[in-house]
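S.K.: Make a model of this:
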Amino acid sequence: MPYVRGWAAAKRGADDLARELNLLGLASDFPGLRPDVNVSGDGLVCIGVVRPEAAEILARLISAGLAYEMAEGVAPADRPQ
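M.R.: Residues are numbered from 1 along each chain as shown. Have a look, this model is predicted:
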């Protein structure tokens, strides 16, 4: 079944994100975080409905990570999977 592969990838992504959010003490801000698939069987990570403050924190974390990668010269292919 094609959707199983997509769901498995989504599960890994959701678990990775949940682990990082937990380490940052933000897990409770993303109660709807879950894996899913679309009608084509592609994996999706749904973060659910979040407070505006939680979305802002997530955006800042992503920006900080990207800025760090750019400063350190880390290419996307060099990122751990």
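
S.K.: what sits against the residue most central in space within the chain?
M.R.: Nearest to the mean C-alpha position of the chain, by Cα atoms, centre = their mean, lies Leu17 at 4.3 Å. Contacts here follow Cβ atoms under 8 Å, 6 or more residues apart in numbering; on that basis Leu17 touches Phe30, Leu33, Val45, Ile47. No exception for glycine: its C-beta is placed from N, CA and C like everyone else's.

S.K.: go again using 10 Å as the cut-off
M.R.: The contact partners of Leu17, by Cβ atoms under 10 Å, 6 or more residues apart in numbering, come to Ala27, Phe30, Leu33, Val45, Ile47, Leu58.

S.K.: ok, so of those, who is nearest Leu66?
M.R.: Taking Cβ to Cβ as the measure, Leu66 lies nearest Leu58 of those, at 12.7 Å.

S.K.: ok, that closest one to Arg19 distance?
M.R.: 15 Å (Cβ to Cβ, to the nearest Å).

S.K.: I'd like to know how far the residue lying closest to Leu24 once chain neighbours are set aside sits from Met70.
M.R.: Distances taken as Cβ to Cβ, 6 or more residues apart in numbering place Leu61 nearest to Leu24, at 7.4 Å, with adjacent residues excluded. Remark: distance between Leu61 and Met70 (Cβ to Cβ) = 15 Å.

S.K.: Looking at these two, which is more packed in?
M.R.: Leu61 (14 against 9; other Cβ atoms under 10 Å).

S.K.: does that one really touch Leu26, like I thought?
M.R.: Yes. Using Cβ atoms under 10 Å, Leu61 is in contact with Leu26, at 8.6 Å.

S.K.: and for these two, which residues touch both?
M.R.: Residues touching both Leu61 and Leu26 (Cβ under 10 Å, 6+ apart): Glu20.

S.K.: thinking again about what came up before, which one of Leu58 and Arg19 has more residues nearby?
M.R.: Leu58 (18 against 11).

S.K.: Which residues are in contact with the more buried one?
M.R.: By Cβ under 10 Å, 6+ apart, the contact set of Leu58 is Leu17, Leu21, Leu24, Leu26, Asp29, Phe30, Ile47, Val50.
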